[in-house]
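In: next input, structure requested:
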Amino acid sequence: MQIACAQVAPVVGDAEGNRRLAREALRAAIEAGARIVVLPELVTSGYVFESAEEARGLAISVEELADWAEEAARAEAVIVGGFAELGEDGAVYNSAAVFGPDGLLAVYRKTHLWDREKLSFEPGAEAPPVLETPFGRIGVAVCYDLYFPELTRGLALAGADLIALPANLPLFPRPEGERPVEIALAQATAHVNKVWVAVCDRAGPERGVEWTGASCIVDPDGWLAAGPVDGYGEGILHADCDLALAREKAWGERNDVRKDLRPELYASPRPASDPSRIASSSERGASRSPASSAP
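Out: Next up is the predicted model:
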């Protein structure tokens, strides 16, 4: 089974052009063999809004993503993509929609909003979903959510084989020769949870903002199965994946990602001021070796 991430370049405000761009990318990925396709965050609208009013004007209902539903049904595929959602409650959300062969599976509203997103969107109030699909269990998150290990661990514990993550990752300086830290973060997330991770970033400058282009597909050992795109520009990544590999959580004979968890110790950590955790000055001095007493 093949996963694809379509790193395309939507244009802010060009709703019709972005719709064509997304559908063309879906068709290209599916025709090349993909059965799970991930599109970028806010691919329907673009990202760098001048105002909350502009974001609202570009927001749509999930019913307006009928072409995604048609592509998923036609190819018996699963599609995950980001869009500016106008909710039934009148609020605007940074959301991801998931379509399967039989229609809409879920809409997830981004929990952790980045920077100026807070001026245009309401944060989601529900935990991200894990969805049963013909290919395995898919957990969904959006961009900055990846920075919160509590969220991705939660998806893994809920049974996700794959975490699919539409993203728009602004470009930050990095040392020469280094990969984007976002790719390292995706690898770490996959490794510590023993799940597949598919991050779909975007390309193309937009109102003075450059993008990282950090799309990648990572296996449950934390190694890159695909990515980054050549030159970090536009392109579609493909990787052959067996999602069932994510259900083996053992590191070896004595260690297991799930069985070794000790949540009773994580929930209420004692503060550093807890007297039981601080040795007296005399105890610290007595335990110091001569080498450790140097300034």
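In: show me where the stretch 101-250 of the chain has helices.
Out: With DSSP state H, counting those that start in this stretch as the criterion, the stretch 101-250 of the chain has helices at 117-120, 149-157, 181-193.
In: same question for the first one, mean pLDDT?
Out: So the one you mean is helix 117-120. Averaged across helix 117-120, pLDDT comes to 98.
In: next one: stretch 158-169
Out: 98.
In: going forward, the N-terminal residue is numbered 842.
Out: Understood, numbering begins at 842; the last thing we discussed is stretch 999-1010.
In: distance between the ends of it?
Out: Length of stretch 999-1010, first residue to last, CA to CA, to the nearest Å: 26 Å.
In: quick one: low-confidence parts of the stretch 992-1136 of the chain?
Out: Applying pLDDT under 70 to the stretch 992-1136 of the chain flags residues 1110, 1113-1136.
In: what about the strands in it?
Out: 1003-1007, 1037-1041, 1057-1059, 1065-1067, 1076-1081 (DSSP state E, counting those that start in this stretch).
In: in CSV: those, plus mean neighbour count.
Out: For every residue, glycine as well, the C-beta is placed using N, CA and C. Shown next, in CSV, are the strands of the stretch 992-1136 of the chain (neighbours: other CB atoms under 10 Å):
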stretch, mean neighbour count
strand 1003-1007, 30
strand 1037-1041, 30
strand 1057-1059, 28
strand 1065-1067, 19
strand 1076-1081, 18
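In: what's the closest residue to Gly1049 other than its chain neighbours in contact with, if anything?
Out: Nearest residue to Gly1049, sequence neighbours excluded (CB to CB, 6 or more residues apart in numbering): Val889, at 7.5 Å. The contact partners of Val889, by CB atoms under 8 Å, 6 or more residues apart in numbering, come to 853, 1047-1050.
In: follow-up on the earlier one: of all the helices of the stretch 942-1091 of the chain, which one is nearest Glu1105?
Out: Among the helices of the stretch 942-1091 of the chain, helix 990-998 comes nearest to Glu1105, with 14.7 Å by CB to CB.
In: count the neighbours of Glu1019 for me.
Out: Applying other CB atoms under 10 Å, we find 9 residues neighbouring Glu1019.
In: and Glu882, how many neighbours does it have?
Out: 28.
In: may I have the residues that are in contact with Ala966?
Out: Residues in contact with Ala966 (CB under 8 Å, 6+ apart) are Arg950.
In: what pLDDT does it get?
Out: For Ala966, the predicted pLDDT is 97.
In: Gly923: which of the strands of the stretch 992-1136 of the chain is closest?
Out: strand 1003-1007 (3.7 Å).
In: would you mind getting the angle between that closest one and helix 990-998?
Out: Going by axes from the mean of the first three to the mean of the last three CA atoms, to 10 degrees, strand 1003-1007 is angled at 140 degrees with respect to helix 990-998.
In: so what touches strand 1003-1007?
Out: Contacts of strand 1003-1007 with the rest of the structure, by CB under 8 Å, 6+ apart, involve 844, 877, 879-884, 921-923, 937, 939, 977-984, 986-987, 993, 996-997, 1027, 1030-1031, 1034, 1036-1041, 1082, 1084, 1087.
In: reformat the strands of the stretch 992-1136 of the chain as a markdown table; add distance to Leu954.
Out: Below are the strands of the stretch 992-1136 of the chain laid out as a markdown table (distance: least, CB to CB, whole Å):
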| stretch | distance to Leu954 |
| --- | --- |
| strand 1003-1007 | 14 |
| strand 1037-1041 | 18 |
| strand 1057-1059 | 23 |
| strand 1065-1067 | 28 |
| strand 1076-1081 | 26 |
